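Asks: With the input below, show me the fold.
(one chain, ligands or ions: 2)
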Amino acid sequence: MDIKMLIQEARKAMEKAYVPYSKFQVGAALLTEDGKVYQGCNIENAAYSMCNCAERTAIFSAYAQGDRKFKGLAVIADTDRPVSPCGACRQVISELCPNDMKVVLTNLNGDIKEITVEELLPGAFSPEDLHE
Ligand SMILES: O=c1ccn([C@H]2C[C@H](O)[C@@H](CO)O2)c(=O)[nH]1
Ligand SMILES: [Zn+2]
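Replies: Ligands and ions are numbered 1, 2, ... in the order given. You can find the predicted model right below:
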């Protein structure tokens with residue numbers, strides 16, 4: 001996997017963020033099994049709780065286009081440490097991406113933290129926990 005390319009795509013996505021309230025831009029890039037890249041940015045709303053994170057925008061965009069098989073996710077923001085996805089995104093990523101998929105967290109200083117989906121949310125609540 002070309003991690004540099006994926007980070008560049010996330011960086012481009014960051015520029016598209018709609019963040020009039022927080023002014024905090026976040027970009028994500030999701031790589032599919034067949035090499036396509038879905039960009040995602042955070043999109044805010046005057047009703048603050050409606051804000052959507054970059055990570056979920058990327059995953060939901062892929063789903064909306066019929067893509068469901070992923071092999072990497074990069075996330076970038078202007079943070080001191082590599083950006084740390086929120087709990088909501090960790091939960092969504094856990095369900096919709098493979099457990100061993102690579103997640104590349106980075107920032108504008110070029111600090112990089114590579115982890116897996118499982119490491120992002122150990123013991124995540126999962127579809128297997130539901131029973132009818
Ligand atoms: O990993 C993260 C963390 C935060 N945000 C967004 C949500 C909100 O728009 C802004 C401030 O929390 O950053 C993301 O998109 N991804
Ligand atoms: Zn989030």
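Asks: Next to ligand 1, which bits of the chain? Give me the list.
Replies: Listed as neighbours of ligand 1 in the chain under the rule C-beta under 6 Å from any ligand atom: 19, 22, 24, 26, 42, 44, 51, 53-55, 75, 83, 85-86, 89. All C-beta spots, glycine's among them, are computed from the backbone N, C-alpha and C.
Asks: where in this structure is pLDDT low?
Replies: 132 (pLDDT under 70).
Asks: separation between the closest residue to Thr32 other than its chain neighbours and ligand 2?
Replies: Counting by C-beta to C-beta, 6 or more residues apart in numbering, Asp67 is the residue found nearest to Thr32 once chain neighbours are left out, at 5.0 Å. From Asp67 across to ligand 2, the span is 20 Å (C-beta to the ion, to the nearest Å).
Asks: Equivalent analysis for Ala124, please.
Replies: In terms of C-beta to the ion, Ala124 sits 14 Å off from ligand 2.
Asks: what about that residue, neighbour count?
Replies: 16 (other C-beta atoms under 10 Å).
Asks: before we move on, back to that, mark which of the residues of the chain next to ligand 1 are part of helices, please.
Replies: Ala54, Glu55, Cys89 (DSSP state H).
Asks: With the flanking residues excluded, which residue is spatially nearest to the last one?
Replies: What that stands for is Cys89. Here the residue nearest Cys89, using C-beta to C-beta, 6+ apart, is Glu55, at 4.1 Å.
Asks: Buried ones from the residues of the chain next to ligand 1, can you make that a PyMOL selection?
Replies: Those of the residues of the chain next to ligand 1 that count as buried under 16 or more other C-beta atoms under 10 Å are selected in PyMOL with:
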select buried, resi 26+42+44+53+54+55+75+83+85+89
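Asks: I'd say the residue nearest to Thr32 and Lys36 touch.
Replies: Yes - using C-beta atoms under 8 Å, Asp67 is in contact with Lys36, at 6.5 Å.
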